[in-house]
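S.K.: Quick one, what's the 3D model for this:
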Amino acid sequence: MEAMQRSFLVLLVISAAITASAQGPTAAPTTPAPAAPAPAAGTTKTTNITGVLAKAGQFNTFIRLLRSTGVAAQIDNQLNSSQTGGLTVFAPTDNAFTSLASGTLNSLSDSQKNSLVQFHVLSTAVPMSQFDTVSNPLRTQAGSSSPGEYPLNVTATGQQVNISTGVVNATVDNTLFTGDQLVVYQVNQVLLPMAIAGKKADAPAPAPLGPAKKTPVAADAPGGADADTDSTASRAAGGGGGGGVVAVAMALASCVLCWGL
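M.R.: Residues are numbered from 1 along each chain as shown. Here you go, the predicted model:
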């Protein structure tokens with residue numbers, strides 16, 4: 001009986017060993033990988049205007065102006081604000097700046113350069129298909145669109161978009177970027193506003209002079225100037241009309257008196 005129990009125990013041990021061998025080594029418990037950190041609240045995808053232009057190429061002068069005037073940072077901040085309705089940027093090429101009259105940029109003050117760059121920016125994103133429905137003149141970030149200030153007029157015929165500032169007429173040649181509330185167009189002319197490059201009004205012409213007034217001339221006395229001269233001489237010689245008679249009478253009286261003596 002004792003032998004049978006030992007045999008049964010041996011069989012149990014062998015069976016347990018076979019089962020453990022079939023299952024293989026017990027895997028160690030794994031620690032779950034930490035989840036990726038969630039993006040901070042309020043962060044959004046950013047668009048860099050100078051990066052867009054640098055990628056497109058041929059906009060080096062405009063990029064320098066954007067940076068030196070601080071408009072580049074202003075545009076980037078507006079794009080990252082939830083309150084903006086988007087922006088449209090008209091970007092002149094390097095060739096467009098080269099075609100300006102020599103010394104044009106150097107003659108501008110810092111304030112004028114800032115206004116010039118702002119004149120190339122609209123405070124709303126305008127797709128190409130909507131240019132034929134906009135109301136002219138468009139208001140740019142440079143300020144007033146009144147005549148003589150910063151008016152920008154756009155006309156569209158199909159895919160042809162023309163821009164007039166009152167000083168230059170430009171054409172939209174290409175769409176460089178659209179998305180993230182930003183539309184960037186390539187233009188073939190620097191958009192010079194009236195307030196900076198407009199012709200100064202001519203000085204008013206002096207009022208026309210009326211007909212010259214003639215100075216009245218006194219009428220000549222009868223006999224003319226010679227007669228007047230002769231009369232004056234006669235009066236001087238004779239002492240005048242009455243004076244001559246008195247002198248003769250006195251001379252006669254003197255003679256009579258001497259004769260009586």
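S.K.: gap between the two ends of stretch 88-108?
M.R.: End-to-end span of stretch 88-108 (CA to CA, to the nearest Å): 24 Å.
S.K.: now do stretch 72-90
M.R.: For stretch 72-90, the end-to-end distance is 13 Å (CA to CA).
S.K.: Over to stretch 109-124?
M.R.: 27 Å.
S.K.: do stretch 57-75 as well
M.R.: Where stretch 57-75 begins and where it ends lie 19 Å apart, using CA to CA.
S.K.: Check the average confidence over the lengthiest strand in the chain, would you?
M.R.: The residue-count maximum for a strand in the chain (DSSP state E) belongs to strand 169-179. The predicted model gives strand 169-179 an average pLDDT of 95.
S.K.: Just the C-alphas of it, formatted as PDB.
M.R.: Extracted in PDB, the C-alpha atoms of strand 169-179 (Å, rounded to 0.1, in the frame of the first residue of the first chain):
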ATOM      1  CA  ASN A 169      -0.900  99.400 -61.700                       C
ATOM      2  CA  ALA A 170       0.100  95.900 -60.700                       C
ATOM      3  CA  THR A 171      -0.900  92.300 -61.500                       C
ATOM      4  CA  VAL A 172      -1.200  89.200 -59.300                       C
ATOM      5  CA  ASP A 173       1.100  86.700 -61.000                       C
ATOM      6  CA  ASN A 174       0.800  83.700 -58.700                       C
ATOM      7  CA  THR A 175      -0.600  82.300 -55.400                       C
ATOM      8  CA  LEU A 176       2.300  81.500 -53.200                       C
ATOM      9  CA  PHE A 177       0.500  80.100 -50.200                       C
ATOM     10  CA  THR A 178      -3.000  79.500 -48.900                       C
ATOM     11  CA  GLY A 179      -4.000  78.000 -45.600                       C
END
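S.K.: what's it packed up against?
M.R.: Packed against strand 169-179 by the contact rule (3 or more CB pairs under 8 Å, 6 or more residues apart in numbering; DSSP states H and E) you find helix 49-56, strand 87-92, strand 160-164, strand 182-187. Every C-beta, even on glycine, is put in place using the N, C-alpha and C of the backbone.
S.K.: Wait, residue 86 touches residue 182, no?
M.R.: Yes. Between residue 86 and residue 182 there is a contact at 6.5 Å, judged by CB atoms under 8 Å.
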